[in-house]
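S.K.: no sequence on hand, only this structure:
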């Protein structure tokens with residue numbers, strides 16, 4: 001066989017001469033240049049349903065921005081260039097600062113400018129402001145999830161601060177500001193502020209009543225807004241340590257008490273927060289999660305002594321809502337990537353999206369995503385309406401279920417891409433690492449499930465409100481009607497001996513019934529019918545993609561096109 005020379009001096013087979021080894025075929029174009037609002041009908045319809053035209057325009061502009069390559073690149077950079085802890089200056093003074101890549105600040109600036117922090121609390125009740133924010137949170141989380149942690153805590157701090165009107169008057173206007181103003185300075189010199197939270201300790205975890213951080217009342221401290229204390233102890237997780245202030249639990253004379261702990265005191269000096277290290281986390285890597293030592297750290301009491309858990313639970317309710325929103329966003333982005341890939345990738349002589357088993361998977365994923373989106377916006381609508389009885393049970397139920405469903409759904413979406421989904425450059429690997437977070441944050445599965453049982457047993461009004469909501473879907477199908485009837489029996493289930501061991505099963509049924517009812521009320525018939533048939537009537541196996549074939553044949557085209565309307 002004849003050969004020819006090559007630049008490196010090695011022979012090249014003659015038959016290979018002139019043939020490129022790098023012709024690129026059957027690869028998928030980048031997913032960018034689309035609106036993350038208008039390509040998501042469930043989100044767009046919910047925003048129109050429960051918010052205002054002005055809110056729609058605000059989030060529409062954010063949706064366009066989120067789909068641009070520049071925004072997606074900023075999200076990538078924030079995860080590649082992770083935060084760096086600077087404990088000391090070159091001359092040995094304590095700094096206790098965290099350095100972020102400029103992309104982090106770019107993302108934060110956009111989130112704050114679009115009112116994703118505490119802006120809704122400054123708007124009239126019933127204005128749809130919380131639904132607007134929820135839709136924006138879902139959209140912008142798809143660009144990069146980590147920076148939404150301080151955004152969420154800033155939003156959630158406001159209900160807790162209501163327990164101290166003087167602090168609320170000083171802090172809420174800055175927390176609700178649409179100006180991002182980073183840097184450690186006194187509150188009086190800032191155009192906007194960010195809040196964090198420090199509850200978890202190494203010996204306690206979710207059992208915050210076991211916290212050992214101590215708080216000693218010390219009158220005349222360098223902080224305004226109420227009674228001042230000095231805190232001593234260690235917090236195992238304190239996210240976003242460059243925030244302007246933190247809500248913290250510590251043991252005062254009467255028991256666990258809530259405090260506002262600012263980074264900078266009113267006179268401009270630094271408060272005593274010694275950052276020990278940043279956590280090396282599975283996901284959420286752009287967000288700095290720290291361990292911190294309090295040693296004579298100043299704080300102002302929020303709420304009564306000994307009532308700290310009850311005070312901060314108002315913050316937890318809001319952050320749990322954001323867990324639902326964040327998980328919904330992760331689901332949505334995974335689904336969009338799966339649909340986009342299968343529309344452009346061929347195998348065995350046909351596009352993946354046209355192959356029957358792949359259509360089964362995509363329809364199943366689309367049903368899960370739409371159900372999560374609809375319940376998430378409904379929860380935000382309840383905040384707009386001041387419907388705390390419904391929220392009390394519905395947020396805990398949805399936090400358990402939506403967050404729990406995210407990891408397996410993202411894993412299935414990743415499989416739609418095969419090996420291309422497993423590499424970092426596609427974006428699904430980052431989503432997969434992110435997927436478990438919200439199921440852990442603000443109480444993992446068991447904590448939430450047991451909290452649902454407590455709410456059922458102790459707060460019958462929440463059960464009644466939940467039952468009223470699901471009853472609005474009555475008459476759609478016999479299966480849904482049976483499930484709605486079971487909701488009214490939830491109190492009996494919770495009172496049975498051994499109820500705790502079966503808590504997850506009860507919560508699952510409540511969650512799926514709520515989702516089914518909302519889809520029956522608001523989604524197209526093919527979506528609602530397929531969800532009910534698969535989730536309530538037993539037409540589903542143990543993994544995604546196990547819908548009955550006749551159901552897939554009947555609805556797949558409309559459901560897949562609706563799932564990603566690009």
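M.R.: That came in fine, so what should we check first? Not measured: the values here are computed from a predicted model.
S.K.: what about the stretch 51-200 of the chain, any weak spots by pLDDT?
M.R.: In the prediction, the stretch 51-200 of the chain carries no residues with pLDDT under 70.
S.K.: now the strands for the stretch 51-200 of the chain?
M.R.: 84-88, 94-99, 195-198 (DSSP state E, counting those that start in this stretch).
S.K.: list the buried residues of the longest helix anywhere in the chain.
M.R.: Of all the elements of type helix in the chain, the one with the most residues (DSSP state H) is helix 308-344. Neighbour-count burial for helix 308-344 flags 308-309, 311-343 (criterion: 16 or more other Cβ atoms under 10 Å). From N, CA and C alone the C-beta is placed, and that goes for glycine too.
S.K.: which residues does residue 383 contact?
M.R.: Going by Cβ atoms under 8 Å, 6 or more residues apart in numbering, residue 383 touches 120, 130, 318, 321, 391.
S.K.: could you do residue 464 as well?
M.R.: residue 389.
S.K.: what are the phi and psi angles of it?
M.R.: phi -60, psi -40 (degrees, to the nearest 10).
S.K.: tell me the confidence at it?
M.R.: As predicted, residue 464 sits at a pLDDT of 94.
S.K.: just the one 5 residues further on next, same as before
M.R.: We have a pLDDT of 97 for residue 469.
S.K.: what packs against the longest strand belonging to the chain?
M.R.: If you go by DSSP state E, the chain has its longest strand at strand 289-302. Applying 3 or more Cβ pairs under 8 Å, 6 or more residues apart in numbering; DSSP states H and E, we find strand 289-302 packed against strand 228-239, strand 245-252, strand 255-262, strand 273-278.
S.K.: list the neighbouring strands of it plus their orientation.
M.R.: strand 228-239 (antiparallel), strand 255-262 (antiparallel), strand 273-278 (antiparallel) (DSSP bridges).
S.K.: where does residue 450 land in three-state SS?
M.R.: Under DSSP: H, G, I helix; E, B strand; the rest coil, residue 450 falls in the helix class.
S.K.: one more: residue 421?
M.R.: Going by three-state DSSP: residue 421 is helix.
S.K.: which one is it nearest to, not counting chain neighbours?
M.R.: Leaving out its chain neighbours, the residue that sits closest to residue 421 by Cβ to Cβ, 6 or more residues apart in numbering is residue 414, at 4.0 Å.
S.K.: what is the neighbour count of the one you found?
M.R.: Per other Cβ atoms under 10 Å, the neighbour tally for residue 414 reads 22.
S.K.: surely it touches residue 422?
M.R.: Yes. Using Cβ atoms under 8 Å, residue 414 is in contact with residue 422, at 6.7 Å.
S.K.: quick check: neighbours shared by those two?
M.R.: 428-429.
S.K.: SS state for residue 20?
M.R.: coil.
S.K.: so what pLDDT did it get?
M.R.: Looking at residue 20, its pLDDT stands at 73.
S.K.: can you tell me which residues contact residue 197?
M.R.: 153, 156-157, 238-239, 246-248, 312, 315, 319.
S.K.: tell me the spacing between it and residue 206.
M.R.: For residue 197, the distance to residue 206 (Cβ to Cβ, to the nearest Å) stands at 14 Å.
S.K.: does residue 386 touch residue 125 like I think?
M.R.: Yes. Here residue 386 reaches residue 125: they are 5.5 Å apart, a contact under Cβ under 8 Å.
S.K.: just put the helices and strands packed on strand 289-302 in CSV and tack on distance to residue 348.
M.R.: Shown next, in CSV, are the helices and strands packed on strand 289-302 (distance: least, Cβ to Cβ, whole Å):
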stretch, distance to residue 348
strand 228-239, 46
strand 245-252, 55
strand 255-262, 60
strand 273-278, 47
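S.K.: do you know which of the ones you listed lies nearest residue 298?
M.R.: Closest approach to residue 298 among these (Cβ to Cβ): strand 228-239, 6.2 Å.
S.K.: how far does that closest one sit from the chain's center?
M.R.: Chain-centre distance of strand 228-239: 25 Å, with Cα atoms, centre = their mean, to the nearest Å.
S.K.: what's the angle from that strand to strand 245-252?
M.R.: 120 degrees (axes from the mean of the first three to the mean of the last three Cα atoms, to 10 degrees).
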